[in-house]
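*Asks:* Sequence first, predicted model second:
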Amino acid sequence: MFVAFRGGAQVSDETEVKAYLASVLRLENVGLLLGAGASVGAGGRTVAQLWEQFVANRAADAEWLNEHQFVADDEIAFDAENDTHPEPPNVEKMLDTLAVAIAEWERSGDVRANPAKAVRGNLFREVVEAAKLQAAWWGERGANLEDDQLADHRTILQKFSAARQPGQPAPWVFTTNYDLAIEWAAESIDMSVINGFIGVHGRRFSPQSFDLAFRNRQAQGEARFGVYNLYLAKLHGSLTWKECADGTLIEATAPQANTQIEAFMRGERDELGFMVLPSAAKYMQTTGYVLGEVFRRFAEFLAQPQTCLVINGYGFGDEHINRLLLSALLNPTLQIVVYLPEFQRLDQPELPRTVKKILSLRNPRVTVVGGNPEAFLSGLAKHLPEPTIYDESLSAIKRVLAERPEGEE
C-alpha cells in the first residue's frame, strides 16, 4: 500500500508525489542516489539476498565464520518450518574485521590465515555474481534496447535529463553499486556518460572531466531539448575499474573485464583485480585519490543551492554516506526524496538508524515514500514527470488567456 510523508505530515496520494517531483526536478541541480535495491529488477541482489545466497551456496564457509565468531548463530540459520531466513550481518563491518584478522594471522604465522582468505574470496565471488546482472550483457553489444530488465533505468534517465531546462546542468547519478546498469542503460539510448575517465582505447581516471559537458553546437542560443549527457559517480568502485602497477586507474571495457572476472569466479585467480571493495575499510580509502575525488563531488553537489536528490534502493548501511546526507540537511534549499520500500509509518522501530534520525527532524524538505512495490525503482519511474519543455513565453500566453473576461474573444 502506498504511503508517503513530507516532514511530519502524511502525503495524501501518489498524485501529490508526482506533482512534487515535477516541481523539484526543475531546480538548478538534480541528482539520483542508487543502492543495491535499484538493480534487483536487472538481475542484481540486495545485501540481504546476497548474504542468504552465500549461506545457502557456501554453507561450510558460513559455518567457519560462525565458528570463529565473525557472525552470530541467527545470521546463518535457516528455519524452513517457520519460513525464517538468516538475519544479515553488516557485511562491510564483518569483512573489515576479517581483513584485520587475516593480517594478524599472517604476521604471526597462524594456520587460520589461508582458510580465512579462502572464505573471504568466496564471499567476494557472491558479491561479483550479484553485480554481474545478466551474463549476455558482457558481450560486444552490451545491453540492448529490447532488454526489459533495464526499462526502468532507461525511463528514469530519460525523464531526469528531459526535465533539465535551457542553461541548467546535466543530472548526476551517484551509486554504491559495482554493476554497469547505468552505463548500459545510458548507452542503449545513446546518452553520453561522464564518469571521470577519459580516452578512447586507454581510459584513465581524470577528475576534471566532471567539469565538462556536451552541447548541440548547431543550436541557436540554448538548445531547448534538455541535456545530452549525465554525470556518473560510482562511490564504491566498479567491476570495470582496475588499478595499474604504476598507480594509474583505468576503465576496462566489459568484454575485457569479463575475462578476468570469469577466471576469478572459477577459482583460477585468488584476487579479482578490479575495484570492488565491499568492506568498511573503504571509509578510510575515501582519503585516497580516486574515491576521495568521487566523494568530494558528491559532497559538493549536496552543498549547492537549489538542489534535489532522489534516493532509491539504498538501505542506509554506509555510515560515510549517511553522514554526508545528514550534514547536507543544513543546506536550506536542498530537497531530498527517499524511496524506502519497508517504510510504513513515522514511528516504525525497525527502520535504519539514519532514517529514524531524518524522520525525527520533521524536515519539510524531506519526503519519504514507502509501501513496498510503490517504492521500488519501477515506482520511481512511474512517479517521475513525463518529458516537457518549459517555455516561459508560452506559459505567459496561457496565463493571459486564462485570466481574460468570460466571453471575450
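*Replies:* Everything's here; your move. Numbers count the residues shown, from 1 in each chain.
*Asks:* tell me the SS of V369?
*Replies:* Put simply, V369 is strand when judged by DSSP: H, G, I helix; E, B strand; the rest coil.
*Asks:* Not counting sequence-adjacent ones, nearest residue to it?
*Replies:* A4 (4.5 Å; CB to CB, 6 or more residues apart in numbering). Every residue, glycine included, has its C-beta placed from N, CA and C.
*Asks:* What's the per-residue pLDDT of that neighbour here?
*Replies:* In this model, A4 is scored at 96, pLDDT.
*Asks:* Remind me what the host helix or strand of L230 packs against, helices and strands.
*Replies:* Per DSSP states H and E, L230 falls inside strand 229-234. Under the contact criterion of 3 or more CB pairs under 8 Å, 6 or more residues apart in numbering; DSSP states H and E, strand 229-234 touches helix 151-162, strand 172-175, helix 181-188, strand 192-194, helix 289-303.
*Asks:* among these, which is nearest F316?
*Replies:* strand 172-175 (14.1 Å; CB to CB).
*Asks:* Does anything pack onto the closest one? Which helices or strands?
*Replies:* Counting contacts by 3+ CB pairs under 8 Å, 6+ apart, strand 172-175 is packed against strand 29-34, strand 229-234, helix 289-303.
*Asks:* need the strands for the stretch 201-350 of the chain, in chain order.
*Replies:* 203-205, 229-234, 241-243, 249-251, 307-312, 334-339 (DSSP state E, counting those that start in this stretch).
*Asks:* repeat for the stretch 1-150 of the chain
*Replies:* Going by DSSP E, counting those that start in this stretch, the stretch 1-150 of the chain shows strands at 3-6, 9-10, 29-34.
*Asks:* tell me the mean pLDDT for the longest one?
*Replies:* Right, strand 29-34. 98.
*Asks:* picking up where we left off before, would you list the strands that the strand holding L230 pairs with, along with their directions?
*Replies:* Here strand 229-234 has these sheet partners by DSSP bridges: strand 172-175 (parallel), strand 192-194 (parallel).
*Asks:* now what about the helix or strand that the shortest one is followed by, what contacts it?
*Replies:* Using DSSP H and E, the helix or strand that follows strand 192-194 in sequence is strand 197-198. Taking contacts as CB atoms under 8 Å, 6 or more residues apart in numbering, the residues outside strand 197-198 that touch it are R203, R204, F205, S206, S209, I250, E251.
*Asks:* and what of stretch 313-328?
*Replies:* 33-40, 46-47, 90, 92, 176, 235, 282-283, 286, 295, 298-299, 302-303, 309, 334, 336, 339, 352-355, 357-358, 377.
*Asks:* hmm, back to that, mind telling me which of the strands paired with strand 229-234 the model trusts least?
*Replies:* strand 192-194 (a mean of 94).
*Asks:* Model confidence score at G7, please.
*Replies:* G7 is assigned 91 on the pLDDT scale.
*Asks:* Could you pull up phi and psi at it?
*Replies:* Main-chain torsions, G7, degrees, to the nearest 10: phi 60, psi -120.
*Asks:* winner for burial among the strands of the stretch 1-150 of the chain?
*Replies:* strand 29-34 (a mean of 23; mean count of other CB atoms under 10 Å).
*Asks:* and that strand, what other elements does it pack with?
*Replies:* Checking 3+ CB pairs under 8 Å, 6+ apart, strand 29-34 ends up next to helix 151-162, strand 172-175, strand 307-312.
*Asks:* Specify the stretch among those that is closest to N29.
*Replies:* strand 307-312 (4.3 Å).
*Asks:* Which neighbouring elements make contact with that closest one?
*Replies:* Counting contacts by 3+ CB pairs under 8 Å, 6+ apart, strand 307-312 packs against strand 29-34, helix 289-303, strand 334-339, helix 377-383.
*Asks:* about what we covered before: any chance of the strands of the stretch 1-150 of the chain in a markdown table, plus distance to K117?
*Replies:* Listed next are those as a markdown table, based on distance: least, CB to CB, whole Å:
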| stretch | distance to K117 |
| --- | --- |
| strand 3-6 | 45 |
| strand 9-10 | 51 |
| strand 29-34 | 31 |
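*Asks:* Just tell me which of the ones you listed ends up closest to A263.
*Replies:* Judging the strands of the stretch 1-150 of the chain by CB to CB, what sits closest to A263 is strand 29-34, at 28.5 Å.
*Asks:* okay, the angle between that closest one and strand 334-339?
*Replies:* If you take axes from the mean of the first three to the mean of the last three CA atoms, to 10 degrees, strand 29-34 sits at 30 degrees to strand 334-339.
*Asks:* who touches strand 29-34?
*Replies:* 24, 156, 160, 163-164, 169, 171-177, 182, 301, 304, 306-314, 321.
*Asks:* Please enumerate the helices of the protein.
*Replies:* In the chain, the segments counted as helices under DSSP state H are 14-24, 47-57, 59-67, 91-108, 113-131, 151-162, 181-188, 254-265, 282-285, 289-303, 319-328, 353-360, 377-383, 392-403.
*Asks:* Could you single out the most deeply buried of those helices?
*Replies:* helix 181-188 (a mean of 23).
*Asks:* from memory A113 sits against V100, does it?
*Replies:* No - under the criterion of CB atoms under 8 Å, A113 makes no contact with V100, lying 12.0 Å away.
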